[in-house]
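Novice: sequence-free structure coming up:
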């Protein structure tokens with residue numbers, strides 16, 4: 001039985017509409033997607049924002065972290081997602097090494113995501129100098145989503161894959177980063193793996209939508225990785241992940257059933273075969289006999 005919303009808003013999502021949702025207290029729904037089928041699923045489910053995240057490095061390309069994924073790889077995935085979307089806002093993640101060197105580099109990379117992949121906006125990680133990169137991209141006319149807390153591209157420097165902001169000093173740094181990104185012109189900011197109480201305090205000082213992933217309920221919306229929420233991965237994932245399906249098990253069972261049918265010659269059956277007129281078949285057989293001599 002389908003769980004699709006009975007009435008879907010088919011108007012394209014825009015930055016003003018995201019702000020309207022925040023001001024009205026309507027939670028914003030964001031998911032990642034990495035290809036045409038996942039984009040179609042997000043579209044039909046009526047989500048508000050789709051992120052082509054650099055998490056594609058782990059989930060679909062088999063890298064050990066998000067760091068190795070290239071601009072060209074993410075552009076290919078983003079373009080596929082674009083072809084599957086009509087209404088959600090499409091955000092492309094700038095991968096590690098593609099924006100940190102200079103404002104010029106950051107702008108050039110962001111422009112590629114807009115021109116070549118059709119993204120509506122881009123996302124980058126971290127505050128500090130990266131807030132200045134965000135400011136430069138915004139001034140170039142491209143909307144930017146920020147990202148603070150656990151930033152996977154720099155997880156090693158943060159002490160690994162763990163919650164951030166568990167001390168007063170570190171929580172204050174996160175608040176400063178978030179406020180700097182907001183001041184730089186970011187239209188929204190992702191809070192990742194931040195204690196709920198800390199996220200609530202910082203979020204109360206923000207004037208743009210805050211999207212949480214492991215940041216508790218007191219934010220303006222939530223984002224989860226497509227493969228995490230649908231169980232298309234091995235292992236349990238992070239603490240904040242809630243699984244809404246276990247599709248990997250279903251995929252394995254399906255492929256195993258197919259393999260068993262092939263080996264037992266149960267597949268293909270008569271219902272899977274095409275037929276040919278008897279006279280045509282006889283003529284063909286005679287022709288083959290002559291051909292084979």
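Specialist: That came through, no problem. Fair warning: this is a prediction, and the values are worked out from it, not measured in the lab.
Novice: pLDDT weak spots in the chain?
Specialist: 1-8, 152, 154-161, 236, 293 (pLDDT under 70).
Novice: from residue 87, how far out is the spatially closest residue to residue 89 that is not a sequence neighbour?
Specialist: In space, and not counting its chain neighbours, residue 89 is closest to residue 13: 4.2 Å by CB to CB, 6 or more residues apart in numbering. Any C-beta I mention is one placed from the backbone N, CA and C, and that applies to glycine too. Distance of residue 13 to residue 87, computed by CB to CB, to the nearest Å: 6 Å.
Novice: repeat for residue 77
Specialist: 19 Å.
Novice: higher neighbour count, the two?
Specialist: residue 77 (26 against 16; other CB atoms under 10 Å).
Novice: out of everything not next to it in sequence, what's closest to the more buried one?
Specialist: residue 34 (4.9 Å).
Novice: what is the burial count for that neighbour?
Specialist: Counted with other CB under 10 Å, the neighbours of residue 34 add up to 25.
Novice: that one touches residue 93, doesn't it?
Specialist: No: with contact defined as CB atoms under 8 Å, residue 34 does not count as touching residue 93 (10.6 Å).
Novice: give me the common contacts of those two.
Specialist: Contact criterion CB atoms under 8 Å, 6 or more residues apart in numbering; residues shared by residue 34 and residue 93: 52, 53.
Novice: in the protein, which spans are strands?
Specialist: 28-32, 49-52, 89-93, 121-123, 144-149, 188-192, 210-213, 221-224 (DSSP state E).
Novice: include mean neighbour count when you put these into CSV, please.
Specialist: Formatted as CSV, the strands of the chain follow (neighbours: other CB atoms under 10 Å):
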stretch, mean neighbour count
strand 28-32, 24
strand 49-52, 29
strand 89-93, 28
strand 121-123, 25
strand 144-149, 28
strand 188-192, 28
strand 210-213, 26
strand 221-224, 22
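Novice: list the buried residues in stretch 139-158.
Specialist: 140, 142-153, 155, 158 (16 or more other CB atoms under 10 Å).
Novice: again, but for stretch 60-68
Specialist: Applying a neighbour-count criterion of 16+ other CB under 10 Å, one finds 60, 61, 65, 66, 67, 68 buried in stretch 60-68.
Novice: now do stretch 228-242
Specialist: 228, 229, 230, 231, 232, 233, 237, 238, 240, 241.
Novice: cool, and stretch 195-202?
Specialist: Across stretch 195-202, burial judged by 16+ other CB under 10 Å covers 195, 198, 199, 200, 201, 202.
Novice: narrow these to those in helices?
Specialist: If you go by DSSP state H, the buried residues of stretch 195-202 have 198, 199, 200, 201, 202 in helices.
Novice: measure the last one to residue 148 for me?
Specialist: Computed as CB to CB, the residue 202 to residue 148 distance reads 8 Å.
Novice: where do the contact lists of those two overlap?
Specialist: Joint contacts of residue 202 and residue 148 (CB under 8 Å, 6+ apart) are 174, 178, 191, 194.
Novice: where do the helices sit along the stretch 151-293 of the chain?
Specialist: 168-183, 196-203, 226-229, 247-263, 278-292 (DSSP state H, counting those that start in this stretch).
Novice: in CSV, list these along with distance to residue 129.
Specialist: CSV is the format used below for the helices of the stretch 151-293 of the chain (distance: least, CB to CB, whole Å):
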stretch, distance to residue 129
helix 168-183, 10
helix 196-203, 20
helix 226-229, 30
helix 247-263, 39
helix 278-292, 72
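Novice: buried residues, stretch 124-131. List them.
Specialist: Buried residues in stretch 124-131 (16+ other CB under 10 Å): 124, 125, 126, 127, 130, 131.
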